[in-house]
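> Okay, predicted coordinates and the sequence, questions at the end:
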Amino acid sequence: MTSKVYVALRVKASPERAFAAFTGEIGAWWRPNSLFQTTPRAPGVLAFEPGEGGRLTETLASGKVFEIGRVLAWEPPSRLVFSWRQANFPPELTTEVEVRFEPVGEETRVSVEHRGLDRVPEGAARHGFADEVLLLRLAEWWQALLGSLKQVA
């Protein structure tokens, strides 16, 4: 199995603004997906704690906080890397997401590479999908998320 998905989209914003929107306003543009849930309950609001070692969390309406991952690289305005754990992953499993913000004229190319998917075991974590279908669904979701980010940035 190819162990990653890669998607990219241009936004009409500077890299500084795109990075700030991605990290500081994730709660405004993030759209949950039932296939890739980050908590075992109804979706909450995502937020990054800035800086390397910071957490990516989801806070539910009840106030309960789930840690989805940790910031592995925080390099504004060009790069962000964080670990990623879904609700249906085994406890020790995480994947990794790298986001790049590259200037292209007056726009910024925001690219997402979600890797380490070869470590996701068969069964519930894959929703019974063959490798190609799982990667396609995940890529479609990231593309939709970038489209949502584009509206905020």
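Received, thanks.
> wait, doesn't residue 21 sit right on residue 29?
Yes. Assessed by Cβ atoms under 8 Å, residue 21 is found in contact with residue 29 at 7.1 Å. Heads up, the C-betas are built off the backbone N, CA and C, glycines and all.
> Pairing partners for the residue nearest the centre of the chain in the sheet, please.
Centroid-nearest residue in the chain, with Cα atoms, centre = their mean: residue 97, separated by 6.2 Å. Under the criterion DSSP bridges, residue 97 forms beta bridges with residue 82, residue 114.
> hang on, the earlier thing: give the residues shared as contacts by residue 21 and residue 29.
Common neighbours of residue 21 and residue 29, counting by Cβ atoms under 8 Å, 6 or more residues apart in numbering, are 149, 152.
> what pLDDT does the residue located most distally from the centre of the chain get?
The outermost residue of the chain, judged against the average C-alpha position, is residue 105 (25.3 Å), by Cα atoms, centre = their mean. If you check residue 105, the pLDDT there is 96.
> Quick check: it vs residue 12, distance?
Going from residue 105 to residue 12 by Cβ to Cβ, to the nearest Å gives 10 Å.
> Could you pull out the strands in the protein for me?
Assigned by DSSP state E, the chain shows strands spanning 4-11, 45-48, 55-59, 65-75, 79-84, 95-104, 107-115.
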